[in-house]
Every structure is written in C-alpha cells, then in structure tokens.
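**Student:** need a structure here:
(one chain, ligands or ions: 1)
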Amino acid sequence: MLPFARVTIIGLGLIGSSIARAVQATMPTVRLTGHDASPEVRERVRELGFVDDVTDTAGASVVDADLVILCVPVGAMGAVGAEIAADLPADAIVSDVGSSKISVLAALAEALPGATIIPAHPVAGTENSGPDAGFATLFNGRWCIVTPPEGADATAVERVEIFWKRLGADVERMDPKHHDLVLAVTSHLPHLIAYTIVGTASDMEEVTQSEVIKYSAGGFRDFTRIAASDPTMWRDVFLSNKDAVLEMLQRFSEDLTVLQRAIRWGDGDALFDLFTRTRAVRRSIIEQGQDDAAPDFGRSH
Ligand code: NAP
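**Tutor:** Next up, the predicted model:
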C-alpha cells in the first residue's frame, strides 16, 4: 500500500528534486506536482521531467495533494506556508526537510493553523544545489529524522515514516528540541568550523592563495567541500538554530582552549589520547555504513 497518491514538492533544488526522482523510482504511480519560486528552476524542471506537473504558484501546486513537502531554505518555510494556506486540502499532510526543526515547526504552525504538520529531516545531502544536483539514491541507507509535534496524529506520522522508508531511508523519530541539539554538533558546528578555516586561509597574507590551493590535500581540501555548501541555506540554518549552535560553540571553544594548552605545555599524552578517541569515532561511522573507508570520503575525482 502506498502511503500517498498525490505528492507536491515545493522547492525543487537538491533535496526537492532528489525526493521527486526517488518517488519516480520507488513509487511510480504517485502523481507528482512541483513548484519553485524561481522561473528558471521551473523551466529546467520541465525539461528534466522528474515531476508530472510544474505550477507557477505555490497555491496551485497543492490543490489536490495528500502530502505537501516544503524543500525551501529554512527561513522561507513560514512564507511558503502562508502562500499555500488558502488552497491546502483539509486532509493533506504538510511536511518539510529543513535542517532545523523547532523554528520551522513554529513558523508552519503559525502559517497553517489547524493543518496536520509532520516535519522531517533527511540527514543526507551534498555541497551542490539546484534541480540538476539531485539524484534518486541520495537517501539510500541514510537517516531521516521525523519530529512530530506533541499530540500529532499517529496515522499521519506513520504515513510520513513509511514514505521515507520507501525512498530508501532509515527512519528515526525524535523530539524537535533534541533534533536541533544533535544536529548542532553533527552538522551545524562542522559547517561553521569549515567556513571559518577556509575563510582564515583565504585571508592570510603570509601564505599565498596559490599555495593554499596547491597544498590543499594536507587536510584543507576536505573542509573546502563543506564550506562550498549553499550560502542561503546555511545562513538560515544558523539563524534558525541559534540557541543550540551557540551552546555547542561554547563547548567547542572550551575544548579548543584545552588543546591549545596541551600544545603550549608539550602535553603529548593529552593530544595522543584525544586523537585515539577521535579515530575510533571515524571507525564507527564506517562500520555503521554512514561512509566508506576509501580515500577522499569515497568520492570519485
Ligand atoms: P537548494 O538546492 O538551494 O533548493 C532550494 C530551492 O528552493 C531553490 O530552487 C530555491 O529557489 C527554492 N526556493 C527558495 N525560496 C522559495 C520560496 N519561497 N518558494 C518556493 N521555492 C523557493 O537547497 P537544498 O539543498 O535542496 O535545501 C532545501 C532544504 O533542505 C533546506 O531547508 C535545507 O535546510 C534542507 N536540507 C538540505 C540538505 C543539504 O545537504 N543540502 C540536507 C538536508 C536538508 P532559488 O534558488 O531561486 O532561491
């Protein structure tokens, strides 16, 4: 049994287009409608053909939907909610893929009073954006965290979970506040660190830009992949998950000070112990199938 028959995707970039392609591949009888604010994206999606219908307004895209998934930057969720409010069928479920959950839930609840809202976050992505960047297997073996609000309709939550399992994801249910804290440390802080390191290297005067690029294989290169992620998306993530990110940043700065002291005082044991523990974390990630051990994060050049 398919969990939904008519799915609407608003925001047809990396994540939205990957969902559409995965639905086409795994649930080909589902009718897919898409909308994106950008006329160029809509035009490109018509050429690519991974949805049955592309509408010029958000409202027109939801009129007969039984699932609507918002795949726009986190800061745009409330505005899109308001755009579809008048046309949303009473029995439709509204979900999203935003990287932070408390602020999105609040924005959608305000824009869509009385609607069934079941937020979710597929923990899968790349540093690329736009409808050409998506692919059907993006969610295979990746976690999708479903964060229903208190008192959410149990059947609606189950249908959203079945939908994500059909797309290949492993599903976990989580409280939105806990989600935001977990993702602050596993995703948001690493992006902030990558943005900082790449920014610092490009501002240095003693080391030339060409040297930074030439010798990047020493570690810098892996940070540049993360720091190439979409600026709009990440600006919104930091502004919307402010409290959890600031809390994790505080802990990170304290740990960095401890390392600074260990280096200053020549405490090799402290450095060795930490690096041994962190190596074990990498091993666990590989053992649990969340990455492979091939060099350069398993990416082909
Ligand atoms: P993306 O490739 O930039 O796609 C977002 C699309 O939404 C763009 O085509 C954008 O058009 C469109 N858009 C922006 N505002 C809109 C509006 N008001 N109405 C309709 N369309 C609008 O971004 P993405 O990587 O797919 O990210 C989408 C969402 O997924 C974000 O909430 C992000 O937090 C979440 N997410 C991302 C990742 C990741 O790794 N990238 C992973 C998990 C979850 P314009 O380009 O013209 O603005």
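**Student:** Near whichever residue of the stretch 51-200 of the chain sits closest to the ligand, how many residues? Count them for me, please.
**Tutor:** Using CB to the nearest ligand atom, the closest approach of the stretch 51-200 of the chain to the ligand is made by Gly125 at 1.8 Å. In this view, the C-beta of every residue, glycine as well, is placed from N, C-alpha and C. Other residues within reach of Gly125, judged by other CB atoms under 10 Å, total 20.
**Student:** Wait, Leu249 touches Leu189, no?
**Tutor:** Yes. Applying CB atoms under 8 Å as the test, Leu249 and Leu189 come out as touching, 6.6 Å apart.
**Student:** longest helix of the chain?
**Tutor:** For the chain, the longest helix by residue count, based on DSSP state H, is helix 242-264.
**Student:** quick one: average confidence on that helix?
**Tutor:** Averaged across helix 242-264, pLDDT comes to 97.
**Student:** for that helix, packing partners?
**Tutor:** The contact analysis (3 or more CB pairs under 8 Å, 6 or more residues apart in numbering; DSSP states H and E) places helix 242-264 against helix 176-183, helix 189-203, helix 268-287.
**Student:** and those helices, which is most packed in?
**Tutor:** Across the helices and strands packed on helix 242-264, the average number of neighbours (mean count of other CB atoms under 10 Å) peaks for helix 176-183, which reaches a mean of 19.
**Student:** by how many degrees do it and helix 189-203 diverge?
**Tutor:** Interaxial angle, helix 176-183 versus helix 189-203 (axes from the mean of the first three to the mean of the last three CA atoms, to 10 degrees): 40 degrees.
**Student:** Is Glu110 in a helix, a strand, or coil?
**Tutor:** Three-state call for Glu110 (DSSP: H, G, I helix; E, B strand; the rest coil): helix.
**Student:** List the single closest residue to it in space, sequence neighbours excluded.
**Tutor:** Gly78 (6.6 Å; CB to CB, 6 or more residues apart in numbering).
**Student:** Helix, strand, or coil at the one you found?
**Tutor:** Classified using three-state DSSP, Gly78 is helix.
**Student:** Check Thr8 too.
**Tutor:** When classified by three-state DSSP, Thr8 comes out as strand.
**Student:** Next, count neighbours for it.
**Tutor:** 29.
**Student:** Using the record's domain definitions, break this protein down for me.
**Tutor:** 6-174, 178-290 (automatic domain parsing).
**Student:** List the beta-bridge partners for Thr8.
**Tutor:** Thr8 has these beta-bridge partners by DSSP bridges: Thr33, Val68.
**Student:** Ile117 is in contact with Gly98, isn't it?
**Tutor:** No. With contact defined as CB under 8 Å, Ile117 does not reach Gly98; the gap is 11.7 Å.
**Student:** Could you pull up phi and psi at the most centrally placed residue in the chain?
**Tutor:** In the chain, the C-alpha nearest the mean C-alpha coordinate belongs to Ser99, at 4.6 Å (CA atoms, centre = their mean). Per-residue torsions, Ser99: phi -80, psi -10 (degrees, to the nearest 10).
**Student:** Compare the mean pLDDT across the domains of the chain and name the weakest.
**Tutor:** Minimum mean pLDDT among the domains of the chain: domain 178-290, a mean of 94.
**Student:** can you tell if that one touches the ligand?
**Tutor:** Yes. For domain 178-290 and the ligand, the contact criterion (CB under 6 Å from any ligand atom) is met by Asp230, Met233, Val237.
**Student:** try stretch 104-113
**Tutor:** No. Between stretch 104-113 and the ligand, judged by CB under 6 Å from any ligand atom, nothing touches; the nearest distance is 7.8 Å.
**Student:** Can you list the buried residues in that stretch?
**Tutor:** Val104, Leu105, Ala107, Leu108, Ala111, Leu112 (16 or more other CB atoms under 10 Å).
**Student:** how about the residues of the stretch 51-200 of the chain near the ligand?
**Tutor:** The stretch 51-200 of the chain has residues 71-74, 76, 79-80, 97-99, 121-122, 125, 129-130 near the ligand, with proximity defined as CB under 6 Å from any ligand atom.
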